[in-house]
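Participant: I'll drop the sequence and a predicted model, then ask my questions.
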Amino acid sequence: MRRICVITGGSSGMGLEAAKILGKEYHIIIAARNEEKLKKACNELKELGIDSEYIILDLSSKGSILNMVSNLKLKGNISILLNCAGMSPHMGDYKKIIDSNAYGNVILNNEMLNIMEDGVIINVSSMSSYLTPSIVLPKRKYKLAFKNLEKFKNKLYKRCRLFPKGVRSGVAYGISKNFLTWFSIAFSIKAIERNVRVIAVSPGNFSTPMGTLEEGEAKKYIDESVLKRNGDPKEIAYLFKSLIDSNNSYLTGIEIKCDGGVFAYKENKKIIKEIKGE
């Protein structure tokens, strides 16, 4: 039976680059909102000799998620969920971002786990998970995602409404990505019942369509990083491949930063100055 890798957000950026690499071992199913981009991506994969197909997915819609999973049940052995989909602050209001990056991800992970066995889930978070001030984050409410998902969503809405309208989308993004990191680690305990490993990856600034939308805000983080450049989507695609590989089967319930040293620089500014003799 063929093994299948489902890549949300697979029509461009790091998701598409991952499809090009993983397509050598798996049948690829890419999922995203824009059908034209999905068709273009599948044609690009076909030219590389990669067997692929697409499914339309709006991660902010429960109905869309359930429809996708229902279709996937008919496809065969789903081994991998590489979950790259998400919304940045420039792509929607605070509710849409919470619905997609937090609420939708909980539904997606749970529904996909029901049709997976002996596989890997990788949830793509963000370095924003660590750059959002702790006082902003409603961490005590995160556990509601396992108890009462609707109440969880409304609590996150409420936290965002504490801030001025102009910054709510940014606040929602930071909260949702911080939650996704936390959730991935916690969810690994449930997922192992089906022998599925769960890992969170937190990217920094990458040269992707979404990254382009964030160029203004991203520059300051590039300047204060170890590598002082954007990442190439191919670089994180190879990380995904390594984490999925069965030789890394002891890895689960963890989060890995792939940020060019942004977090290291932020946490060690004093040491960096000493190293440079400043």
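Facilitator: Received, thanks. Numbering: from 1, shown residues only.
Participant: what's the longest helix in this protein?
Facilitator: Longest helix of the chain, by residue count under DSSP state H: helix 168-191.
Participant: all helices for the stretch 51-200 of the chain, in order.
Facilitator: Counting by DSSP state H, counting those that start in this stretch, the stretch 51-200 of the chain has helices at residues 62-72, 94-98, 105-113, 128-131, 149-160, 168-191.
Participant: could you export the ones you listed as a markdown table, including distance to Val198 and mean pLDDT?
Facilitator: C-beta: built from backbone N, CA, C; applies to glycine. Formatted as a markdown table, those follow (distance: least, Cβ to Cβ, whole Å; pLDDT from 0 to 100):
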| stretch | distance to Val198 | mean pLDDT |
| --- | --- | --- |
| helix 62-72 | 17 | 97 |
| helix 94-98 | 21 | 97 |
| helix 105-113 | 8 | 98 |
| helix 128-131 | 16 | 83 |
| helix 149-160 | 18 | 98 |
| helix 168-191 | 4 | 97 |
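Participant: and those as JSON lines, adding distance to Ile236 and mean neighbour count?
Facilitator: Formatted as JSON lines, these follow (distance: least, Cβ to Cβ, whole Å; neighbours: other Cβ atoms under 10 Å):
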{"stretch": "helix 62-72", "distance to Ile236": "23", "mean neighbour count": "17"}
{"stretch": "helix 94-98", "distance to Ile236": "21", "mean neighbour count": "23"}
{"stretch": "helix 105-113", "distance to Ile236": "18", "mean neighbour count": "22"}
{"stretch": "helix 128-131", "distance to Ile236": "15", "mean neighbour count": "20"}
{"stretch": "helix 149-160", "distance to Ile236": "27", "mean neighbour count": "18"}
{"stretch": "helix 168-191", "distance to Ile236": "15", "mean neighbour count": "22"}
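Participant: closest one to Asp223 among those helices?
Facilitator: With Cβ to Cβ as the measure, helix 128-131 is the member of these nearest Asp223 (14.1 Å).
Participant: quick one: list the elements packing against the closest one.
Facilitator: helix 168-191, helix 262-267 (3 or more Cβ pairs under 8 Å, 6 or more residues apart in numbering; DSSP states H and E).
Participant: may I see the ones you listed organised as CSV, with distance to Ile244 added?
Facilitator: Output for the helices and strands packed on helix 128-131, formatted as CSV (distance: least, Cβ to Cβ, whole Å):
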stretch, distance to Ile244
helix 168-191, 14
helix 262-267, 23
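Participant: show me the contacts for Ile28.
Facilitator: Residues near Ile28 by Cβ atoms under 8 Å, 6 or more residues apart in numbering: 4-5, 7, 10, 19, 22, 45, 50-53.
Participant: now the helix or strand containing it against helix 105-113, angle please.
Facilitator: Element membership for Ile28 (DSSP states H and E) is strand 27-32. Put simply, strand 27-32 runs at 160 degrees to helix 105-113, going by axes from the mean of the first three to the mean of the last three Cα atoms, to 10 degrees.
Participant: tell me the angle strand 27-32 makes with helix 62-72.
Facilitator: Using the same axes, to 10 degrees: strand 27-32 against helix 62-72 is 170 degrees.
Participant: give the contact list for the closest residue to Ile29 other than its chain neighbours.
Facilitator: In this structure, Ile29 finds its nearest non-sequential neighbour in Val6, 4.9 Å apart by Cβ to Cβ, 6 or more residues apart in numbering. Residues counted as contacts of Val6 (Cβ under 8 Å, 6+ apart) are 29-31, 72, 78, 80-82, 112.
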